[in-house]
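J.: here is a sequence together with a model predicted from it:
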Amino acid sequence: MGRNILVAGETLVDFLPERAGPLSAVESFTRRPGGAPANVAVGLSTLDRTPWFWTRVGDDPFGDALGERLAAAGLPDRFVERDPTAKTTLAFVEHDADADRAFTFYRDDTADTRLQRGTVPDDTLASVDWVAVGGVTLASEPARSATFDLAERAREQDATVVFDPNARPELWDDDFAPVVERMLDRVDVLKATPTDLAAAGFDPDADVDDLAAAVHDAGPHTLLLTRGERGAVASATAAAPWGPATVRHDGYRVDPVDTTGAGDAFTAGALAALSDGDSLSETLAFANAVGAVTTTAPGAMTAFPDREAVRRFRADR
């Protein structure tokens, strides 16, 4: 089948600690490929919905390893760029006792900050139905302008734009909220956590219905709100192909090993389901299952399940 999804954004290297605790006390790490959009792209490919993927890595050994991993996942290399003068971004992950994580980034003027406007041509955007972007590339220029340009041209070509703010305070000054506000005016589907929305200036104490109404007022016709072990909520207006609707799913109970990439797995699952024409209710159930299975193994894209694994997981519950 043809590619009807384009994912755009950073690909980086995650260094996972040997044990939980502060990075200052960790002596060894395991290297894993990462970056939220890269995770989503690989997750989609694992779910048999291989997308186009636009990214940029350094012409260095880490870039070599990431390029090989993307190719092994079946992603086409047409928009996988190599920067001859910039390094690949590195992220060191810190785990607490509950497997939740924090990040320390090495990302000053790295390759993924150098995405250029117009790299993905209009004819490619005209051939896809979905374009998914993340918030990390909005933290730096010229990638910020390139991401805005992509979203604007995608909307002009009638593609549905999906956005995950993926708030990472370490990468931003005080302009995260206004930049996200500007982006939301160009977005159809927002996938976010309560933390993302609070960082973007939404009321963290609002109930889900009021929070969804505020998001819809900002632009997106659909909100996919992930809430960790409490599951997820979806809200859509009459402007959505699957709306108006409000749907809740309580999620699945698992014993997490590593939550890195769980949100990206959810996004990949949601995109796969929506692009298949599934209902909003089935989309939440499927996406929650993909995310839950991912937490039961270490790493992000290396832990993503295929459709059969998701089917078995849901059948057992």
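T.: Good, I have the coordinates. Source: prediction; values computed, not measured.
J.: which stretches of this protein have low pLDDT?
T.: Along the chain, the model assigns pLDDT under 70 to residues 1-2, 97-100, 299.
J.: tally of neighbours for R312?
T.: 12 (other CB atoms under 10 Å). Just so you know, the C-beta spots here come from the backbone N, C-alpha and C atoms, and that holds for glycine as well.
J.: so it sits in a helix?
T.: Yes. Under DSSP: H, G, I helix; E, B strand; the rest coil, R312 sits within a helix.
J.: now do it against D306, distance only.
T.: 10 Å (CB to CB, to the nearest Å).
J.: what does R101 give?
T.: 24 Å.
J.: do the same with F62
T.: F62 is 27 Å from D306, by CB to CB.
J.: and the two? Which one has more around it.
T.: F62 (20 against 14).
J.: my guess is that one contacts D14, does it?
T.: No. Using CB atoms under 8 Å, F62 is not in contact with D14; the gap is 11.0 Å.
J.: what is the burial count for E308?
T.: Using other CB under 10 Å, E308 has 8 other residues around it.
J.: what helix or strand is it on?
T.: helix 307-315 (DSSP states H and E).
J.: what helices or strands is that helix leaning on?
T.: helix 280-294 (3 or more CB pairs under 8 Å, 6 or more residues apart in numbering; DSSP states H and E).
J.: give me the buried positions along the helix it packs on.
T.: For helix 280-294, a neighbour-count test (16 or more other CB atoms under 10 Å) marks 280, 283-294 as buried.
J.: name the nearest of these relative to D250.
T.: N288 (8.4 Å; CB to CB).
J.: isn't the closest one right next to A232, touching?
T.: Yes. Using CB under 8 Å, N288 is in contact with A232, at 5.8 Å.
J.: now for these two: what residues contact both?
T.: Common neighbours of N288 and A232, using CB atoms under 8 Å, 6 or more residues apart in numbering, are H249, G251, F266.
J.: mind giving me TSV with those residues and columns for secondary structure, distance to A71 and neighbour count?
T.: Output for the shared contacts of N288 and A232, formatted as TSV (DSSP: H, G, I helix; E, B strand; the rest coil; distance: CB to CB, whole Å; neighbours: other CB atoms under 10 Å):
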residue	secondary structure	distance to A71	neighbour count
H249	strand	34	21
G251	coil	33	20
F266	helix	25	28
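J.: tell me where the stretch 101-250 of the chain has strands.
T.: 101-106, 130-134, 160-164, 189-192, 222-226, 232-236, 245-249 (DSSP state E, counting those that start in this stretch).
J.: of all these, which one is nearest A8?
T.: Going by CB to CB, the one of the strands of the stretch 101-250 of the chain nearest A8 is strand 130-134, 5.1 Å.
J.: other SSEs contacting that closest one?
T.: strand 5-8, helix 36-46, helix 143-156, strand 160-164, helix 262-275.
J.: go with 6 Å
T.: strand 5-8, helix 36-46, strand 160-164 (3 or more CB pairs under 6 Å, 6 or more residues apart in numbering; DSSP states H and E).
J.: give me the angle between the helix holding E308 and helix 280-294.
T.: With axes from the mean of the first three to the mean of the last three CA atoms, to 10 degrees as the basis, helix 307-315 and helix 280-294 are set at 100 degrees to each other.
J.: CA atoms only: put helix 307-315 into CSV for me.
T.: The C-alpha coordinates for helix 307-315 follow below in CSV (Å, rounded to 0.1, in the frame of the first residue of the first chain):
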residue,chain,number,x,y,z
ARG,A,307,0.0,-5.9,15.5
GLU,A,308,0.0,-9.6,16.6
ALA,A,309,1.6,-8.8,19.9
VAL,A,310,-1.0,-6.1,20.5
ARG,A,311,-3.8,-8.5,19.6
ARG,A,312,-2.5,-11.1,22.0
PHE,A,313,-2.1,-8.5,24.8
ARG,A,314,-5.7,-7.2,24.4
ALA,A,315,-7.1,-10.8,24.1
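J.: now do F105 against V293, distance only.
T.: For F105, the distance to V293 equals 27 Å [CB to CB].
J.: now D158
T.: For D158 relative to V293 (CB to CB), the value is 33 Å.
J.: buried sites along the helix holding E308?
T.: Quick answer for helix 307-315 (16+ other CB under 10 Å): V310, F313, R314.
J.: find the nearest non-adjacent residue to the last one, please.
T.: The one in question is R314. Excluding its sequence neighbours, the residue lying closest to R314 (CB to CB, 6 or more residues apart in numbering) is A289, at 5.1 Å.
J.: so who does that neighbour touch?
T.: V310, F313, R314 (CB atoms under 6 Å, 6 or more residues apart in numbering).
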